[in-house]
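Here's a sequence, model it:
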Amino acid sequence: MICTSASTGQAPADPMADRRRLLASFLRRHRERLTPVEAGVRAGSARRRTPGLRREELAQLCGISPTWYTWLEQGRDVSVSPAALARLSNALHLTPAERAYLFELTRKRDPDMPRAGQADGPPASLLAALAAMTAPAYLLDRCWSAVGWNSRAERLFSGWLGSTETNLLRYVFLDPSARDFIQDWENRCRRLLAEFRAETARHPDDPTLRQLVEELRQASPLFARLWEDQSVLEREGGLRRFNHPLDGALTLEQVTLRPGDRSAFTLVMLVEPSTNEFAEIQE
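Below is the predicted model:
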C-alpha cells in the first residue's frame, strides 16, 4: 500500500512575497519615525495622525509616484529600480547598515557602491586611527593589498611594506625573503590562502581578484596546488611567529577586525600575546 501525506490546504511558501512584506514593513517603520523637520518638509498647520512623514511627502522628496510608493508599502509585486531605492534611502536618512539591508531585501545592487574591481580608498579617519595605534597595524583591501599601515608595521614587515609590492599574497608566495621571515611558512601559506578563498567567494565577479588568482597560479606552484585543494577558512586571529632580521624570533598575537561601514577593508593588528597563549606555545 502506498501512503501519501495529506494535503494541508496551505499555499506553498513564496520567498519573494515574504521579502515584499519585509520591505513594506521596513519602509513604513522608517517613514513614520522621520519627522517633517528632519526631512526638510514644511509640516503646515493640519494635525497629523502620526508623527512621521506622509506617504505622499516621502514620494515627493524622492521624485516618485505616491501611488507607486503606496503599493510598495502594501507589499504589492511592483518593480523598483536601484536609483529609486537610492533616493528612498537618502530621503529616509538610512544608516549604511540600513541602506545595505534595503538593497538586500530587493535583491538590487546599490548604485553608490563601487563596482567589482573599482578602487575605493579608505577614509581619512580610518587611516588616522591606524597611525595612532601603538601596535603594528595595517589595512588590507579586497585583494589583500595594503592600503595603509603605521610605522611599527613597516618596521616589522620591512620585507613587505618596505618594498614597492604591497599585496600580501604576492609577498608571501613569491618573495623568497618571506620563507625566512615567517616561521612555519608553508602551513601559514595554506591557512592564508584558505582564508583568502573564503573572502573571494563573496566577490565571484570581481575581475581584479580573478586576475590576481590566475597570476599567482602561474607564478607559484605552491599557490596552484593549495588553490586546487579548495580549503576554506574564516579569517581568524592567533599567534604568529616571525624571524625578524633585527629583532630575532618574535611571537605576536594577530587581531583581525573589519570596520562596520567599510566591509571592503580588513584591519590587522599584531599585539603582544596574552600570558596564557604564550605559555601554551612554549610547552
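
now the stretch 1-150 of the chain, which segments are flagged as low pLDDT?
Confidence mapping of the stretch 1-150 of the chain against pLDDT under 70 gives the ranges 1-14, 43-48, 113-120.

can you pull out the helices in it?
For the stretch 1-150 of the chain, the helices defined by DSSP state H, counting those that start in this stretch cover 15-33, 36-39, 55-62, 66-73, 82-91, 96-106, 124-132.

I figured residue 28 hits residue 75, correct?
No. Between residue 28 and residue 75 there is no contact under C-beta atoms under 8 Å: 10.0 Å. (C-beta placed from N, C-alpha, C; glycine too.)

Could you point out the helix or strand that follows the helix or strand containing residue 210?
Element membership for residue 210 (DSSP states H and E) is helix 207-219. Following helix 207-219 in sequence order, the next helix or strand is helix 221-229 (DSSP H and E).

Can you give me the buried ones in that next one?
Under the neighbour-count criterion of 16 or more other C-beta atoms under 10 Å, helix 221-229 has 222-223, 226-227 buried.

circling back to that earlier point, could you list every helix and strand in contact with the helix holding residue 210?
Counting contacts by 3 or more C-beta pairs under 8 Å, 6 or more residues apart in numbering; DSSP states H and E, helix 207-219 is packed against helix 168-174, helix 221-229.

give me that answer again for 6 Å
helix 221-229 (3 or more C-beta pairs under 6 Å, 6 or more residues apart in numbering; DSSP states H and E).

Next, the angle helix 207-219 makes with the helix it packs on.
With axes from the mean of the first three to the mean of the last three C-alpha atoms, to 10 degrees defining the directions, helix 221-229 sits at 120 degrees from helix 207-219.

how many other residues sit next to the closest residue in space to residue 111 that isn't next to it in sequence?
Leaving aside its chain neighbours, residue 111 sits nearest to residue 82 (4.9 Å; criterion: C-beta to C-beta, 6 or more residues apart in numbering). Neighbour count of residue 82, defined by other C-beta atoms under 10 Å: 15.

Quick one: residues contacting residue 82.
Residues in contact with residue 82 (C-beta atoms under 6 Å, 6 or more residues apart in numbering) are 108-109, 111.

quick one: pLDDT of residue 272?
Model confidence at residue 272, given as pLDDT, is 94.

Next, count neighbours for it.
10.

backbone phi and psi for it, please?
phi -60, psi 130 (degrees, to the nearest 10).

what separates it from residue 152, distance-wise?
Per C-beta to C-beta, to the nearest Å, residue 272 is found 12 Å from residue 152.

next one: residue 191
In terms of C-beta to C-beta, residue 191 sits 24 Å off from residue 152.

pLDDT value on residue 277, please?
49.

domains of this structure?
15-106, 124-282 (automatic domain parsing).
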